[in-house]
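In: Sharing a model that was predicted from the sequence below.
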Amino acid sequence: MITPRFSCSQTDKSVIITIYCPSVRASDVEINVDETLFSVHINPYFLRLNFSHPLTEDDASSAVYDPSTGYLTVTLTKEVPGQEFKDLDLLAKLLAPRPSRSVPAEPVIEVLHSQESDTVDADEELAVRTKSLSLEQQEILEGTPCVAAENDWQLPQTVPEPLPPLQTSVERRYGFLDMHSGYFRHVEHTENEVNELGTDAETCSPQDRRSRRLKHEEEKWDEEYYMADYADDEYIRELIAWPNPHTTSTEEFQYTEKENLVMLRLPRKEYLATPAQIHNLYLTLLTLLFAYAYETRTTQHDPTPESAWTLSSLTPAFSALDPPPYSPTPASDLSEFSEAELSATFATSYRRSLAFPLYRSFALAEACRTDVAALLARGKRVVTRALLEMKDILDHHDVYYVYSKIWVDDFCVWTLAYADDDILARLATAVRGLQMNKSVIGWDLEQLEALTRDDAGRSADSDDESEDEIERMLPAPL
């Protein structure tokens, strides 16, 4: 079935769904309304939307098809007149399946079949075996509990260590909520320059992925490159001063037709994430937005053929399949984000921005963090627009499109349907007020900068002495 293009609007008493389905027979339209769930079927189109509040079909409801334009306009009455239906412009959220009424704290097990155990026979067998014991054995059996009670015998007990997850395959899952596998089985036959796991991408454990990522960052770190960019930073200062249109625009937000079409093609999934997984998704979102902010700022919102490489290199969840958390101490309150875990998350992004791309500047990384805070403060609509732009860049690359499949597609759907604007706002405030010290990066940035300044000072003194020497060698004026 084909999902048609559609848009939704509302009045005080009704919701209007406009569907583009050209060259169909109006008599074949089937419309069904079940509280918040609306569906329409007209061969070959099918559309199912899940609204935030109930709708009803009554005498005021209608469905009108205009064969000249190909638009079917369905008007449904609100069950509560005057109730505001939010997020009608978030098409991916409307297309998402109806969420479960309760989200389990841990993954649940579905019972497919069960049978009663034969406990009666077991009890009878135990009674027969007890009667067959000798008199001495019965005395011991009956007397042991009394002796134990009199002496208050207690055996030492310890809490057992949790068992590691059961692995039934050598392949390890990765991507959004560890839902994906098999995308890197033939990676050696592709020109994937950002893959830091090599041919072991499918089998690396999370610990091995992290160790390989850290090792690769150390190998790529170039002190002379950083010092050169610190000394000659005229163009970098221009990039820092560039205003990001997504964070400075004052126009009313509205998705473009192209963005709406992309959202229609996004996967329709229900994500049953635990609170810990949701917490980590917000941290992973920070790394994606940082890479996007760097790419956008360094190209001034005009993507180049290298943009897909830049996005993939700067995102550790792409290049090393290593998403957050990076903090050694897990968060105690999963509804909040501590300064330590935010600092550890951005430190990873800072390291990659100083080791891989063309412009390597701590000040530029700070500007990108400010962009991330500004994007978060504008809510999930602007955040989704940034993710859609990342998706567009990656989808047009012959190799790096895979990272769109295992991360960005799901992130777009999750952000629209599940992300909380209040959490994004709190996260924006925390990111904006974060103090990133150069010492947390793990490289001697302050020492390198001091050496660069000293060298620049000596060069300036040497130039002054050369000028004085030249003046002394000139003939005296007549």
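Out: Structure's in. What do you need?

In: so which helix or strand takes in the residue sitting nearest the centre point of the chain?
Out: Centroid-nearest residue in the chain: L285, 3.9 Å away (criterion: CA atoms, centre = their mean). Assessed by DSSP states H and E, L285 sits inside helix 275-299.

In: For that helix, which helices and strands make contact with it?
Out: Packing partners of helix 275-299 (3 or more CB pairs under 8 Å, 6 or more residues apart in numbering; DSSP states H and E): helix 234-241, helix 307-314, helix 316-319, helix 339-355, helix 362-377, helix 380-395, helix 409-417, helix 421-432. Any C-beta I mention is one placed from the backbone N, CA and C, and that applies to glycine too.

In: what's near enough to touch the closest residue to the residue nearest to the centre of the chain other than its chain neighbours?
Out: Spatial nearest neighbour of L285, chain neighbours left out: F411 (6.8 Å); criterion: CB to CB, 6 or more residues apart in numbering. Residues in contact with F411 (CB atoms under 8 Å, 6 or more residues apart in numbering) are 176, 281, 284-285, 288, 387.

In: Just the pLDDT for F411.
Out: In this model, F411 is scored at 96, pLDDT.

In: Which stretches in the stretch 151-300 of the chain count as strands?
Out: Applying DSSP state E, counting those that start in this stretch to the stretch 151-300 of the chain gives no strands.

In: same question, the stretch 1-150 of the chain
Out: Going by DSSP E, counting those that start in this stretch, the stretch 1-150 of the chain shows strands at 5-10, 14-20, 30-34, 37-42, 45-50, 55-56, 62-66, 71-78.

In: hmm, back to that, in the helix holding L285, which residues are buried?
Out: 278-298 (16 or more other CB atoms under 10 Å).

In: any low-confidence regions in the chain?
Out: For the chain, the stretches with pLDDT under 70 are 99-123, 126-128, 130-167, 459-478.

In: buried set for stretch 354-362?
Out: Counting neighbours by 16+ other CB under 10 Å, one finds that the buried residues in stretch 354-362 are 354-357, 359-362.

In: again with stretch 216-231
Out: 216-217, 221, 226-227, 229-230.

In: again, but for stretch 4-16
Out: Within stretch 4-16, the residues that count as buried by 16+ other CB under 10 Å are 4-8, 10, 14-15.

In: Could you do stretch 391-411 as well?
Out: Going by 16+ other CB under 10 Å, stretch 391-411 has these buried residues: 391-395, 397, 399-400, 402-411.

In: Make JSON lines from the buried residues of stretch 4-16 and add distance to Y183 to it.
Out: Listed next are the buried residues of stretch 4-16 as JSON lines, based on distance: CB to CB, whole Å:
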{"residue": "P4", "distance to Y183": "30"}
{"residue": "R5", "distance to Y183": "30"}
{"residue": "F6", "distance to Y183": "31"}
{"residue": "S7", "distance to Y183": "34"}
{"residue": "C8", "distance to Y183": "35"}
{"residue": "Q10", "distance to Y183": "41"}
{"residue": "S14", "distance to Y183": "45"}
{"residue": "V15", "distance to Y183": "40"}
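
In: Closest one of those residues to S338?
Out: Checking the buried residues of stretch 4-16 against S338 with CB to CB, the nearest one is C8 at 39.0 Å.

In: How about the contacts made by the closest one?
Out: C8 makes contacts with 15-18, 49, 85, 88-89, 94, as judged by CB under 8 Å, 6+ apart.

In: Mind checking which of those are buried?
Out: 15, 17, 49, 85, 88-89, 94.

In: Could I get the contacting residues of S7?
Out: S7 touches 17-18, 260, counting by CB under 8 Å, 6+ apart.

In: If it is in a bridge, with which residues?
Out: Assessed by DSSP bridges, S7 has beta-bridge partners T18.

In: Could I get the helices and strands packed on helix 275-299 in JSON lines, plus columns for distance to A450?
Out: Putting the helices and strands packed on helix 275-299 into JSON lines (distance: least, CB to CB, whole Å) gives the following:
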{"stretch": "helix 234-241", "distance to A450": "19"}
{"stretch": "helix 307-314", "distance to A450": "27"}
{"stretch": "helix 316-319", "distance to A450": "29"}
{"stretch": "helix 339-355", "distance to A450": "17"}
{"stretch": "helix 362-377", "distance to A450": "13"}
{"stretch": "helix 380-395", "distance to A450": "36"}
{"stretch": "helix 409-417", "distance to A450": "40"}
{"stretch": "helix 421-432", "distance to A450": "28"}
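
In: E79: which of these is closest?
Out: Comparing these under CB to CB, the one sitting nearest is helix 409-417, at 22.0 Å.

In: Okay, angle between that closest one and strand 45-50 too, please.
Out: Relative orientation of helix 409-417 versus strand 45-50 (axes from the mean of the first three to the mean of the last three CA atoms, to 10 degrees): 50 degrees.

In: Can I get helix 409-417 in CSV, CA atoms only?
Out: Output of helix 409-417 as CSV, limited to C-alpha atoms (Å, rounded to 0.1, in the frame of the first residue of the first chain):
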residue,chain,number,x,y,z
ASP,A,409,16.2,7.4,10.6
ASP,A,410,15.2,6.1,14.0
PHE,A,411,16.3,9.2,15.7
CYS,A,412,14.0,11.3,13.5
VAL,A,413,11.0,9.2,14.4
TRP,A,414,11.9,9.0,18.1
THR,A,415,12.5,12.7,18.4
LEU,A,416,9.2,13.6,16.8
ALA,A,417,7.1,10.9,18.6
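
In: and that helix with helix 275-299, angle?
Out: 110 degrees.

In: ok, the residue nearest to A201 when sequence neighbours are not counted - contacts?
Out: Counting by CB to CB, 6+ apart, F184 is the residue found nearest to A201 once chain neighbours are left out, at 3.7 Å. Taking CB under 8 Å, 6+ apart, we find F184 in contact with 195, 197, 201-202, 402.
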